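Engineer: this is the structure alone, sequence omitted:
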C-alpha cells in the first residue's frame, strides 16, 4: 500500500476508545416518582397504572390493577369526590383526566363480563371477624380474603352495603350496580351474617373469644346533636334520617320552603330530593366555601363538584360561609331563621376558629329547618372501647391503643368522611392483621413523593378536552333513574390517552432521540428499572438535555459521585 | 379452516383480555457495547466525539446521518463538527467522510459526486459546514455547486457564529448578538448588521428543494432529510443548532432554546421548491422574543436599563414579526404539525 504523506485517515467509530464520561459532574438517573392521582387517593388507587393498562388495550388487566386496591370501582366511580382529579397534573395545563369515569367504566365492564376477582386459593385458618358491611368492612373482608384468611362479616341490617345502601340516593348509585358488585365480592367466600347488631345480638367479648382479630367498620349512624343556642324547633327532623326514610319508603316532607344546615353529601342529596319532591324553595347554609376554580380545596363543600353543579342547576340555593344564628318562631311555628356570615380563621392560639361577623345578619323566611351537620358513632356494644367519645381514637393503621386485637376504620374514626377513605382503611387494616399473624413487618403508610407539574415538560403534550359524562336534562330527572351516564369504549380510550404518565417512563424515545452524544441506549427487553433505556455512563457528558426534555419527569440529574 | 368474523372477533377480545406478560428476560446492562451494536437505528455519528455538553450541532449531525445513511459520502468544511468528530487517530463517523479546507466543502462534494457519476454509482453525497463555512467562507463554492446542478445535499449547521475559533461574528450571527468581535459597549449593542438571509439567496438558484429545520423538531429534520436525499439534483438544508458555550446558556436548554427560536418567529421553518415557498411550520401561539433572548448571555446586554437596549429588543421583535408576516407563519387554529404540535408524544393530541 502506498504511504499516505498528504493526509490522514481513521477507522470508523474509533472515537469509542475515548470515554467522554469522565467529563461529567452531573449524571442523569431514572427516578420513578409517585403520580399525584396515586398519592392523594384515600383508597390508595394507582390511577396511572390502570390507565396505562387501558392504553395498552387491556381493560381486564386494568381492572385487576384497580381491584388489587379497591374492590368496588363501579360504586366509587359514582360516589367518590375524586381528589385524584383535583390533584391531576393535567389540570394545570387544560383539564384533569376524568379518572372517575374510567374507574366507573372498568367497574361496569367487570360486572357486565363477570371478570373474576384476582383472588386465588381457598380461605383457611382461624377466622377473622368484620363488624359492619359498609365500605370499610367490605374492603377489610375482601383484602383479608385475598390474603387467604377466612372472614365472617356481620351487619345489623338485612343486606350488605352500609350507608351506600341506606343513605345514597338511587339517582347517584343505582342499586343494581351496588348489588352486583357486593354479590360478586361476597361470592369470593366471605361468610356474611346479616341482622346481627353489636350490642343487641353480638358482644364484643364473645367476638374476641371466637376470632383472632376483630375489625370494626361500624360507621357513624347517629346524628350529631344540633341546636341554635339551645333552641330547636318543636318538630325536628334531622337530615340523614329524612334521607334514609326517603330511600326506604320514598316519602319526604314537602314544606313551602326549607333550609338545610350542613356542607356534606347528606345536605346536598337531601336538598335535591326535597326540591324534586316539590319544595318550592330549598336553601343550603354551609360554613364552607363553594367548589370553584379559586376555592381553597380544603375549605369547600365536601361533595363531588358535579353534584354541587347539578344541585344549582336544579334550583337549590347555596349560602356559603354562613351559619344559623337564631330561629325565628311565632309561638311554636317556625317562620324563618337569621343567618350570619362567618369564616374559619386561625386564632392567636394557632387553632382554627369560626368567627361570625356582626352586622351581616340576614333573615330567610322558611317553614322548616333540617340539620345535616354530620354524624357520630352509636357506642352501643363497645362502650368499653370509646367511653363517651363521639368517635374511635385510632392510629394511622386503625389500631386502638387499649385493644391489640381490635382495629377500626371508616366513618367510625371521625377523621375520614368518604367511602374511598373507608375502603383504604379496610385495606390497611387487613395488611396490619396479616403482618401480625405472619409475624412480618408492618405495611408502610407513607407513599412516594409525587411529582410536581413544574418537573414535567408540557411542551410535549397537546391540549385535549376532557370527556364529559352524559347527564339527564333537568326535566327528565326522576327519583329512580341514575342522572349521570358512563362513557363509551372509544371515549374511554381517548380519555386514557390524555394521561401524562407523571414520573413514569412512557417510552416516548425523547432521551434516545435527543442525546447529542449517543449515550442513551435503547433496549428491546426491559431494563432493570422497568424502562426501555439505559444510560451509557462511559460516554454521557452530563449535559442534562434528556432530563430537561423528558415529558414525564422520569429522568433527574444528580451529582456524580 | 377459515374462521368466521365473529370467531375472529372473539379471538381478538380473548387475546386482548389476556395481556402477554412483558418478556421476562431483563436486558443485560453490563454489556453496553453489544447493546450499542443492536440499536434499532442507523448510527452515522458514534459516541466518544469531543463536542461540548449539550451540543446542538452534534445532535443535528447525528439526526441527519441517521435519516440519510448508510449509502452516503460526507464532506465537511473546517469547523467545530470537523474538529470534534475526528481527533486523529480516531473518528466518530461510521460513514465515508472527507475534510479538506474551510471554504471548499461544496467543491469537494461536487468532485466526489462527479466521480461517482462517472462510475455509475448512486451513492448520495452530503456536504456539511457550519454557518461560517457556508454563509461566508464557503459561499462561492456552494453557489457554484448549486449552479452546476450537482446531485448533492448541502447541510448547514447554523449556530450563528464562528464557534470553533472563539465565537467571532459570522454573516449568520443575529442582529444585536454579542460575540468576541461584536462586543456591546458605548458604540453599539452587539452586532450592528442583520443575519444574512441565506435562504433567499439559495432560492435564487432555483434548486429543486431547500428547507430550514431545527434540532427542537427531530421528526421534521428526518422528514426533510429524506425528502432532500430522494431528489436527484442540488438540495439544501439549514439546521438551527444552539451552542451552549457560544450563546451562553445551560447545556440542558439546547432544545428549549431551539424551540423558542421557532416559536418566536426568529427562526422560521420553511420549505422552498424551485425558489417558491411550498411549506411552513405554522406557529400556534407566537411567543415574545424576550422569552428567547433573556436566557442567553449573548443578549444579556439587552436586558439592562438603557434606552438602546429597549430599542434593540424592539428591533428583534419587529424582525420576528416581519418573519411571521413574510412567511405566513401565523397558523389558523391548532394544527397537529405546527410549532406546538410537531414532535409531541401524542398524549391526547390533535391526531391519533
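Structural biologist: Structure's in. What do you need? The shown structure was predicted, so the numbers you read here are calculated from the model rather than taken from an experiment.

Engineer: return the residues in contact with residue A:558.
Structural biologist: Contacts of residue A:558 were listed using Cβ atoms under 8 Å, 6 or more residues apart in numbering or on different chains, and they are A:26, A:27, A:29. The way it works is simple: take the backbone N, C-alpha and C, and place the C-beta from them, glycine included.

Engineer: what does residue A:33 give?
Structural biologist: A:448, A:449, A:450, A:451, A:455, A:502, A:503, A:504, A:553, A:554 are the contacts of residue A:33 under Cβ under 8 Å, 6+ apart.

Engineer: could you rerun that using 10 Å?
Structural biologist: Going by Cβ atoms under 10 Å, 6 or more residues apart in numbering or on different chains, residue A:33 touches A:39, A:448-452, A:455, A:502-504, A:552-554, A:556.

Engineer: can you pull up the bridge partners for the nearest residue in space to residue A:238 that is not next to it in sequence?
Structural biologist: If the residues on either side of it in the chain are set aside, residue A:238 comes closest to residue A:223, at 4.2 Å by Cβ to Cβ, 6 or more residues apart in numbering or on different chains. Residue A:223 has the following beta-bridge partners by DSSP bridges: residue A:375.

Engineer: give me the neighbour count for residue B:71.
Structural biologist: Residue B:71: 11 surrounding residues under other Cβ atoms under 10 Å in any protein chain shown.

Engineer: typo on my end, residue A:480
Structural biologist: Neighbours of residue A:480 (other Cβ under 10 Å): 10.

Engineer: chain B versus residue A:78, what's the distance?
Structural biologist: 24 Å (Cβ to the nearest Cβ, to the nearest Å).

Engineer: before we move on, back to that, between all of the contacts of residue A:33, which two are separated the most?
Structural biologist: With distances taken as Cβ to Cβ, the most widely separated pair in those is A:39 and A:556, at 17.5 Å.

Engineer: which stretches of chain B aren't confidently modelled?
Structural biologist: Counting by pLDDT under 70, chain B has low-confidence residues at B:1, B:16-26, B:348-352.

Engineer: ok, back up a step: please check the contacts of residue A:558 and keep the buried ones.
Structural biologist: Those of these that meet the buried threshold are A:26, A:27, by 16 or more other Cβ atoms under 10 Å in any protein chain shown.

Engineer: would you turn the contacts of residue A:558 into a markdown table with pLDDT and distance to chain B?
Structural biologist: Output for those, formatted as a markdown table (pLDDT from 0 to 100; distance: Cβ to the nearest Cβ, whole Å):
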| residue | pLDDT | distance to chain B |
| --- | --- | --- |
| A:26 | 94 | 9 |
| A:27 | 95 | 12 |
| A:29 | 95 | 13 |
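
Engineer: where do the strands of the stretch 451-561 of chain A begin and end?
Structural biologist: In the stretch 451-561 of chain A, the strands defined using DSSP state E, counting those that start in this stretch lie at A:520-522, A:533-535, A:555-559.

Engineer: now the second one: mean pLDDT?
Structural biologist: I take that to be strand A:533-535. When pLDDT is averaged along strand A:533-535, the result is 94.

Engineer: please apply the same query to stretch A:461-470.
Structural biologist: 91.

Engineer: pull out the buried residues from it.
Structural biologist: So for stretch A:461-470, counting by 16+ other Cβ under 10 Å, buried means A:461, A:462, A:463, A:464, A:466, A:467.

Engineer: nice, that's everything, thank you.
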